[in-house]
Structures are given as C-alpha cells and as structure tokens.
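Chemist: following is a predicted model, sequence given first.
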Amino acid sequence: MSVNAPVLVFMGVASTGKSTVAAMLAGRLGWAFEEGDDLHPEANVAKMAAGHALDDDDRWPWLDLIAEWIDERIEAGEPGIVTCSALKRSYRDVLRRDAVTFVHFAGERELILDRMLRREGHFMPTTLLDSQFATLEPLQHDERAIEIDIALTPAEQAAQIASRLRLHPDY
C-alpha cells in the first residue's frame with residue numbers, strides 16, 4: 001500500500017464540469033476515474049429526475065459506496081479521481097482520508113444554470129439547482145482542498161489542478 005497515491009474528490013453543485021475535467025485529467029495522468037453519479041441507487045436517480053431533492057437518508061448509502069471506491073484506490077496504492085457533489089461538511093467527512101484532496105468546482109449560479117439548460121441526457125433537473133446551493137456548506141480551513149473557477153475552460157481547469165496539486169502520472 002502506498003500512502004503517496006492521491007485520491008481527488010471533485011465536488012460542487014451540478015453542472016460545474018466536474019465529470020468533464022475529471023475524465024480529462026485522469027486520462028492525462030493515467031489515473032483511475034469514477035463517475036460518482038453512476039454509483040447512485042436507481043431510487044435516487046428516479047427521485048432527482050422527478051424533481052425531488054435527495055435527503056440525508058438517500059445520500060448516506062451513496063456516500064458509503066464512494067468511500068469504498070476511495071479506500072480501494074488507497075489500499076491498492078493507485079491514484080484516482082471521483083466525482084461527488086459532497087455539498088455538506090458531514091458528507092465530506094465520510095470521504096475524508098489522509099490521501100484525499102477535495103477540488104471544489106465553484107462558479108456563479110447564472111453560469112451553472114445556463115450549463116444545466118444546455119446539458120443533455122442527465123437526470124438532474126434545473127429546479128434542483130437552488131436546493132443544491134442551499135445545501136452547499138463552504139469548505140473549512142481544516143479541509144484539504146482547493147477551489148477551481150468554472151469560468152475557466154476545462155483544459156485550463158485541469159492544468160490549474162495539476163499545477164496547484166503538483167500532480168504527475170507517477171504521483
């Protein structure tokens with residue numbers, strides 16, 4: 001097991017580009033990538049698609065699956081990136097490990113709403129954006145994290161993350 005293998009949790013409200021940048025950066029680095037939305041139980045997806053926000057009881061089992069994925073990477077000594085909204089401190093606490101760094105994709109509501117309106121094939125309706133912002137708890141000084149401005153292009157975001165965290169294929 002390698003304690004040096006980092007795991008990044010790309011977090012933030014919907015439509016901030018977490019998945020796009022995660023896939024791009026993981027591909028460049030040769031790291032494992034997991035789309036956190038794919039780990040949602042079908043009931044969660046159906047609930048959100050119907051316009052209902054998830055509550056904590058819906059989220060805990062999903063967060064546990066993401067935590068398992070993180071633990072598998074750490075135990076194997078393999079770096080990785082997983083996407084997860086991780087809106088509350090308590091959710092991030094479930095995912096927190098020594099090897100984990102949170103990357104918060106942050107931006108203006110209007111920009112995010114515009115992206116949501118143009119997004120195709122995703123279960124998250126625009127009506128849930130305000131509930132996500134209401135749930136979002138700011139990162140605290142004791143959380144290992146950086147913030148990325150979503151107004152940058154995905155390539156600029158990936159480059160900034162790699163530079164700020166000093167990432168490279170061999171970690």
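Modeler: Structure's in. What do you need? Numbers count the residues shown, from 1 in each chain.
Chemist: quick check, Trp69 in a strand?
Modeler: No: counting by DSSP: H, G, I helix; E, B strand; the rest coil, Trp69 falls outside a strand, being helix.
Chemist: burial check on the nearest residue to it once chain neighbours are set aside, number of neighbours?
Modeler: The shortest distance from Trp69 to any non-neighbouring residue, by C-beta to C-beta, 6 or more residues apart in numbering, is to Glu34 (5.2 Å). Backbone N, C-alpha and C define where each C-beta goes, glycine included. Using other C-beta atoms under 10 Å, Glu34 has 21 other residues around it.
Chemist: please look at Glu34 and Glu68 and confirm they touch.
Modeler: No: with contact defined as C-beta atoms under 8 Å, Glu34 does not count as touching Glu68 (10.3 Å).
Chemist: ranges for the strands of the chain?
Modeler: Listed in chain order, the strands of the chain (DSSP state E) span 7-11, 32-34, 80-83, 100-106, 145-149.
Chemist: Thr135: which of the ones you listed is closest?
Modeler: Nearest to Thr135, of all those, is strand 7-11, at 12.0 Å by C-beta to C-beta.
Chemist: mean pLDDT and distance to Ile74 added to the strands of the chain, as CSV?
Modeler: Putting these into CSV (pLDDT from 0 to 100; distance: least, C-beta to C-beta, whole Å) gives the following:
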stretch, mean pLDDT, distance to Ile74
strand 7-11, 98, 6
strand 32-34, 98, 11
strand 80-83, 98, 9
strand 100-106, 98, 8
strand 145-149, 98, 18
